[in-house]
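Asker: fold the following, please.
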Amino acid sequence: ACERGSQWCEALDLLARFHAQGLAMNVVTLGTAVGACAAGDCWPGALALVEKPFAGSSQLNGIIATSSIAACEPSGKWQQALAAMKVFSTKRVDTDQSAVNAGISACSRGEHWETALFLLRNIPAGPGSMAPGPGSMKVVYNASITACERGRQRSVAACLVWEMGK
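Answerer: Predicted coordinates:
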């Protein structure tokens, strides 16, 4: 209910009470709280939830990772999104192209097309690496093209369109 209503303050308060009473947080409660923060444009809360003391690496999954990265996008907090991506990669959290897209979108909103392009060009492969699955590079390219267009780099965007069509 907190997530659908973007009531991130209430979600964080509930989690703090759970934690104070010694109740264990599971993936569902963590994911719901991160989702509420993301929906309520509370990127600091979303990122704080995936750090200690609330979240052990065993509780993090790709959906939670993507939600916390995506929470940075509306405010253009690209540096925080990149830092979160690095943390999830270090913790070997299995993610998909949605996490890469969220990072590229945060760069786009923050008017850092160069960083978005860097992310596109340096997507690592392997488990926990945020590498897109087969056939999903078009989605990653589209996010990068948008970043270039927002940065008024139409020639770079045109090159990406051409690359995508190859």
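
Asker: mind saving the C-alpha coords of stretch 78-85 as CSV?
Answerer: C-alpha atoms of stretch 78-85 as CSV (Å, rounded to 0.1, in the frame of the first residue of the first chain):
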residue,chain,number,x,y,z
TRP,A,78,23.4,10.2,-12.2
GLN,A,79,26.5,10.1,-9.8
GLN,A,80,24.4,8.3,-7.2
ALA,A,81,23.0,5.9,-9.8
LEU,A,82,26.5,5.0,-11.0
ALA,A,83,27.6,4.5,-7.4
ALA,A,84,24.7,2.2,-6.8
MET,A,85,25.4,0.3,-10.0
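
Asker: would you mind pulling the contact partners of that stretch?
Answerer: Contact with stretch 78-85 is made by 43, 47, 50, 65, 68-69, 72-73, 99-100, 102-103, 106-107, 109-110, 112, 115, 119, 130, as judged by C-beta atoms under 8 Å, 6 or more residues apart in numbering. In this view, the C-beta of every residue, glycine as well, is placed from N, C-alpha and C.

Asker: buried sites along that stretch?
Answerer: Going by neighbour count (16 or more other C-beta atoms under 10 Å), the buried part of stretch 78-85 is Trp78, Gln80, Ala81, Leu82, Ala84, Met85.

Asker: may I see the residues you listed organised as a markdown table, with pLDDT, distance to Gly165 and secondary structure added?
Answerer: Shown next, in a markdown table, are the buried residues of stretch 78-85 (pLDDT from 0 to 100; distance: C-beta to C-beta, whole Å; DSSP: H, G, I helix; E, B strand; the rest coil):
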| residue | pLDDT | distance to Gly165 | secondary structure |
| --- | --- | --- | --- |
| Trp78 | 93 | 27 | helix |
| Gln80 | 93 | 33 | helix |
| Ala81 | 93 | 28 | helix |
| Leu82 | 92 | 28 | helix |
| Ala84 | 90 | 32 | helix |
| Met85 | 90 | 27 | helix |
